[in-house]
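Visitor: Pasted the sequence and its predicted model underneath.
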Amino acid sequence: MNEKEEKLRQLFEELRGDKKLPLQESNLVFGEGDINCSIMFVGEAPGQRENELKRPFVGRSGQLLDKLLGEIGWKRENVYITNIVKRRPPENRDPSEEEIEAYKPYLARQIEIINPKIIAPLGRFSMNYFLPFAKISRDQGKIFETGGRLIYPLFHPAAALRATTVLNELRESFKRLPDVILGKIKEETLTLNAKKKEVKRASPDVPQAKLF
Ligand code: URA
């Protein structure tokens, strides 16, 4: 086991042993994929199927994620996939603020260990962890830079399963992913960073979320 694998194993054990974390009645879904890849997809919380199999994104949303990855010639085992909240909220409800708060430090450490160049948050809960002022309908598919990494927020696949317009936009954003990884979309990144600062200035009282 190399150093990275060992650190992730320790993190997994710590997470499993932390009985103060909420949602103890559900299984732990840690994350999976290539731990040396340059991109990490971060969803919200496991659903029913994920809870059963203890793997992220293996239900209907996961099938769509796999399909969209396939359309750009990628395979799920070549990227890393996880969630902020690592246990399933009952009845597939949205994760609460307290649940997100409780699991956040573990995601931060997981990111630090894997050290991806790009993080693609899936859906607004995950996006707002990285970009507290972003709005998913406005900012999905745009590139931000924070904590030394690029953040590329995407619609949650579940939203795309509910609306064709969302699916089309998500598909377009996936098509741009290879160029985002290769750093071919720099000019836009800078413009968007400027925009992000404006957004920050407009809400000076809201503290920035702690990142990594
Ligand atoms: N939705 C998520 O946000 N994460 C999963 O793992 C599955 C569905």
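Guide: Perfect, thanks for sending it. Bear in mind the structure is a predicted one, so any value in this text is a computation, not a measurement. Numbers count the residues shown, from 1 in each chain.

Visitor: How about the secondary structure of residue 88?
Guide: Recorded secondary structure, residue 88: coil (DSSP: H, G, I helix; E, B strand; the rest coil).

Visitor: That one contacts residue 49, correct?
Guide: No - using Cβ atoms under 8 Å as the test, residue 88 is too far from residue 49 to be in contact (9.6 Å). In short, each C-beta sits where N, CA and C put it, glycine included.

Visitor: out of these two, which sits in the more crowded spot?
Guide: Using other Cβ atoms under 10 Å as the criterion, residue 88 and residue 49 rank with residue 88 on top: 24 against 16.

Visitor: interface residues of the chain facing the ligand?
Guide: 43-47, 50, 56-57, 59, 61-62, 83 (Cβ under 6 Å from any ligand atom).

Visitor: Take those and keep only those in helices.
Guide: Counting by DSSP state H, those place 50, 61-62 in helices.

Visitor: Can you name the residues that contact the residue in the chain that the ligand sits nearest to?
Guide: Residue nearest to the ligand within the chain: residue 43 (2.9 Å; Cβ to the nearest ligand atom). Contacts were defined as Cβ atoms under 8 Å, 6 or more residues apart in numbering; by that measure residue 43 touches 56-57, 61, 81-84, 122-123, 126, 156.

Visitor: any idea which of those is closest to residue 25?
Guide: residue 83 (16.8 Å; Cβ to Cβ).

Visitor: Show me what whichever strand or helix holds residue 176 is packed against.
Guide: Assigned by DSSP states H and E, residue 176 belongs to helix 164-181. The contact analysis (3 or more Cβ pairs under 8 Å, 6 or more residues apart in numbering; DSSP states H and E) places helix 164-181 against helix 60-71, strand 118-121, helix 157-162.

Visitor: out of the ones you listed, nearest to residue 9?
Guide: Nearest of the helices and strands packed on helix 164-181 (Cβ to Cβ): strand 118-121, 21.8 Å.

Visitor: Let me see the ranges of the strands in this structure.
Guide: Assigned by DSSP state E, the strands in the chain fall at 32-33, 39-43, 80-83, 118-121, 144-146, 149-151.

Visitor: Return the member of the ones you listed having the minimum mean pLDDT.
Guide: Comparing mean pLDDT across the strands of the chain, the lowest value falls on strand 144-146: a mean of 89.

Visitor: Now do the buried residues in it.
Guide: For strand 144-146, the neighbour count (16 or more other Cβ atoms under 10 Å) marks 144, 146 as buried.
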